[in-house]
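Participant: Kindly generate the corresponding structure for this input.
(chains A and B)
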Amino acid sequence: MVIDCKHVWEHISGYLDNNLEASERNEVQKHLEHCEICSAILDSTRNILILTADERVFELPLGFSERLHARLDEEMQRIA
Amino acid sequence: MVDNPQVVDEAQIISAIVRGETHLFHDLIRPHERSVYVMVLSLLQNEADAEDAAQEAFLKAFRNLSKFRAESKFGTWLISIALNEARSKLRQKKAMKIESLDAGSEEDGHVSPAILRDWREVPSEALERKEVRQMIQLAVADLPGIYREIFLLRDVEELSVNESAEALGISVASVKVRLHRARMMLQKTLAPQLKQVNPKRRWFPWL
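Facilitator: So this is what the prediction gives:
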């Protein structure tokens, strides 16, 4: 069975997480081999996920940890 | 889960804290500071409020540690406390946008990605540039609430599908559907922007 681009788009997330059923995965794979648009969509999505997972993107504010642990110390002394 | 060393260690530290070695709580939470902060920030969208809510969440976790049951991971339990804390803060401020919880019901149609003919890899070095980091932060912040939450849990904090479902109190099927839409929405916004950024300046100045 030949699947179209829209069908492939519905499976991009599952494909990246490797949780498609074997038959679905094969169909998507076959489609990707000859469709440059879907390949580019898949590659860009994978690239974007790598960038967003980088710890430089979402950082703790400066001094967050110190303030948090100081507050916890106060609480611990209060109940001690 | 008993054979997972991380969980065993966690369980031992937790029972020591409950028995009175409270100082160990500092070490217990260190690996979770960023994920708690990122999650409350995603709801509150304001750094000062987020820091406040994160502190409250850690204090609540400390006070309620004896109620923690080892069926769930400590990190997952902590995130659900943090999300509750952030939600109640939103309610107090009456800033809760109906949009952020209801936007896009599960039955909504699919999200079409940005169409591209080719993709030139954007290397992680690009994140040295503040404009690129901000571009990504803004795109994530612009996601409707239910998609932002799941995206951050799975793809930034790297919780499993099951842990994410537990932290959010939703089904595994919903996690998958929402995550797929969140990723497609981000691809739609970010792929064209990142493509623009790419040719402006070379990543490697010596090339």
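Participant: Just the pLDDT for residue 70.
Facilitator: Defaulting to chain A. Residue A:70 is assigned 97 on the pLDDT scale.
Participant: Can you look at chain B instead?
Facilitator: 78.
Participant: what's the answer for residue A:73, then?
Facilitator: Looking at residue A:73, its pLDDT stands at 95.
Participant: quick one, what contacts residue B:76?
Facilitator: Neighbour list for residue B:76: B:159, B:163, B:166, B:167 [criterion: C-beta atoms under 8 Å, 6 or more residues apart in numbering or on different chains]. Heads up, the C-betas are built off the backbone N, CA and C, glycines and all.
Participant: Apologies, that question was intended for residue A:13.
Facilitator: Applying C-beta under 8 Å, 6+ apart, we find residue A:13 in contact with B:176, B:179, B:180, B:183, B:184.
Participant: With distance to chain A and secondary structure added, can I get these in a markdown table?
Facilitator: Shown next, in a markdown table, are these (distance: C-beta to the nearest C-beta, whole Å; DSSP: H, G, I helix; E, B strand; the rest coil):
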| residue | distance to chain A | secondary structure |
| --- | --- | --- |
| B:176 | 7 | helix |
| B:179 | 6 | helix |
| B:180 | 4 | helix |
| B:183 | 5 | helix |
| B:184 | 7 | helix |
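Participant: Looking at those residues, state which has the most neighbours.
Facilitator: residue B:183 (26 neighbours; other C-beta atoms under 10 Å in any protein chain shown).
Participant: Need the nearest residue in space to the residue positioned nearest the centre of chain B, chain neighbours excluded.
Facilitator: Central residue of chain B (C-alpha atoms, centre = their mean): residue B:152, 2.9 Å from the mean position. Among residues not flanking residue B:152 along the chain, residue B:42 sits closest, at 5.3 Å (C-beta to C-beta, 6 or more residues apart in numbering or on different chains).
Participant: So which elements touch the helix or strand containing the one you found?
Facilitator: Using DSSP states H and E, residue B:42 falls within helix B:33-44. Applying 3 or more C-beta pairs under 8 Å, 6 or more residues apart in numbering or on different chains; DSSP states H and E, one finds that helix B:33-44 makes contact with helix A:64-79, helix B:47-63, helix B:74-93, helix B:145-151.
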